[in-house]
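Enquirer: how would this look folded up:
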Amino acid sequence: MFCFYSLLVVCICCAPSTLSLFVDRTNPAALSRFVEDEYDAEEAPLSPWGPYVPMDQKAFNRDFGEAFDNAHAKRATTASRREEAMTIESNRKKGTVNVVISIRDGADLPRFCDPIMRGDWGEHVSLSIYVKNDNIKFGEMNVMPNGIHEMIQIPNIGRNEHAYAVHLARKAPNFSDVEILTKTNVIHDDPDRMDQMVRYMVDLARNGTYDSVSFPWAFDRRYLNVRCDPAWSHHSLYQEFCGGDQSAKGGLIKTENYKDGSVPLQVLRQPSSFEGLPPDFGFALRTLQQPLPLVHETYGEGMLALRRDVLEQFSADWYREFQKLMYQAAAAKGASASTRDTEYDKAYSRADVKHHDDAMMWIFPLVFSRATPLNQDFPAWLVAPSTVDLFDTVDNMRKFYTPGINPDAGSCPLHAVSDPGCECPSDALWWFYKLGHCHCGLASKPDAQSGRWVKVGGQRYFAVPGRSVAVEAPGPEASSLASAPAA
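Expert: This is a model prediction of the structure:
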């Protein structure tokens, strides 16, 4: 299984750097002490392999387009029938919505909490705030209710998926009509758009149309999680995604069937069996009907709205076991939130980050994907009706996402090839961390080597994935770097 999931972690980016350092003028990377920040006209997620390269482009375009259209047509029809059968206005009046967040002790609440607590978004909208506190022991919590809202101190272990697991175990089986599991990091340092997205989630939840919604956040980034179970070997895309060299690859797919080819889909290869998965993930997936879908199309940003009937498929004992397994694994690895550093490279050296990425990108969206009996078979291509109705056009997505410069991405510091933290090819000029992995800069594109073009000091270089090596801290920063589109 490849490491593509960690390169696509949501909203975790390099910190901007304005540091300068003496560098060797014989090194092409030293054209400038300061690197010019350059961005794509439209923010595009990165893949270490770039575009997905099919074995037969013509056959792939045909088969992929047909499978994509069929999956969307079926799910869109299901959503339409559900809407016709529901009395939306009635649900708006009586439906309860609970918004769940987690923060570290001492952190400020996101701004959207204020209107919820004042009742501006409706008297039936409540807030559950999980505060990670070093003084709370493993297995303990301290609940501080305040009317319909509550603040819960929990152990300072893991990341927000751990808080989600605690919440679901606490509430089962007495869930709100919709439980919204959301994030607290600000979209591009823009609290207005953060407020807008969370308010949209609440308003959508009040009408109760969808079983489950997996929302985008700061990027228009939709994942195709591929699991190569031989049960799907008859599918037209199985050999393409699972046979030969393709079995170890992910990448970006642009197709006219999706947003007229203007936005790529992200192919992520997930493990085809439960072996090697953390105990909590294996436990959750084994509950589901097998085989799991060949392709699961979803947003994986850790932004979920789950209706009561989705959550009630699992017993209170199931949620308690899920929470126990998740916390046992985190405690054993010492994955405390307090040990994380703001430096991205340090954060990504921790096991809790991989667990977080997996939980948000494919475990939670799949386990809580639908309000149907757990013994109902999955289709080969699973896509939620909400992705079709809510975010399948560029215009709908741009209500919450503005393409262009992403200040959160910042600029990444360059490191000398002699600095610890990354092993690079012998002809590398420097290396840098970007989106969770180290990348090595080369003077030109080598034959048969995947990577991407970047610019440093106005000059183009080719960056290839290096091998990350765990260290206490990387070497000194020299310059900063931002990616540019491939020529």
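Enquirer: Skipping adjacent residues, who's closest to His167 in space?
Expert: Distance criterion C-beta to C-beta, 6 or more residues apart in numbering; nearest residue to His167, sequence neighbours excluded, is Val100 at 5.1 Å. C-beta coordinates here come from the backbone N, C-alpha and C atoms, glycine included.
Enquirer: quick one: Pro191 and Arg111 touch, right?
Expert: Yes: in this structure Pro191 lies within contact range of Arg111 using C-beta atoms under 8 Å: 4.7 Å.
Enquirer: What segments of the stretch 201-350 of the chain are strands?
Expert: Using DSSP state E, counting those that start in this stretch, the strands of the stretch 201-350 of the chain run over residues 212-214, 222-227, 251-253, 265-270, 295-299, 304-307.
Enquirer: I'd like these written out as a markdown table, with distance to Cys440, mean neighbour count and mean pLDDT added.
Expert: As requested, the strands of the stretch 201-350 of the chain are arranged in a markdown table below (distance: least, C-beta to C-beta, whole Å; neighbours: other C-beta atoms under 10 Å; pLDDT from 0 to 100):
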| stretch | distance to Cys440 | mean neighbour count | mean pLDDT |
| --- | --- | --- | --- |
| strand 212-214 | 34 | 25 | 90 |
| strand 222-227 | 26 | 24 | 92 |
| strand 251-253 | 19 | 20 | 85 |
| strand 265-270 | 23 | 22 | 88 |
| strand 295-299 | 31 | 24 | 93 |
| strand 304-307 | 36 | 25 | 93 |
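Enquirer: With distance to Leu285 as new columns, can those be given to me in TSV?
Expert: Output for those, formatted as TSV (distance: least, C-beta to C-beta, whole Å):
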stretch	distance to Leu285
strand 212-214	16
strand 222-227	10
strand 251-253	24
strand 265-270	10
strand 295-299	12
strand 304-307	17
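Enquirer: quick one, which of the ones you listed is nearest to Leu181?
Expert: Nearest to Leu181 among the strands of the stretch 201-350 of the chain is strand 304-307 (4.6 Å), distances taken as C-beta to C-beta.
Enquirer: hmm, back to that, and of the strands of the stretch 201-350 of the chain, who's closest to Asn133?
Expert: Between Asn133 and these, the tightest spacing by C-beta to C-beta is seen for strand 304-307, at 24.4 Å.
Enquirer: The closest one - contacts with which helices or strands?
Expert: strand 178-181, helix 191-207, strand 212-214 (3 or more C-beta pairs under 8 Å, 6 or more residues apart in numbering; DSSP states H and E).
Enquirer: Low-confidence bits of this structure, can you list those?
Expert: Within the chain, the segments meeting pLDDT under 70 span 1-50, 76-94, 186-190, 244-249, 332-352, 401-412, 434-436, 448-450, 457-458, 471-487.
Enquirer: run the last query once more with 50
Expert: 1-46, 48, 81, 84-92, 335-349, 405-410, 473-487 (pLDDT under 50).
Enquirer: Count the neighbours of the residue nearest to Asn142 when sequence neighbours are not counted for me.
Expert: Spatial nearest neighbour of Asn142, excluding adjacent residues (C-beta to C-beta, 6+ apart): Gln153 at 4.1 Å. Per other C-beta atoms under 10 Å, the neighbour tally for Gln153 reads 18.
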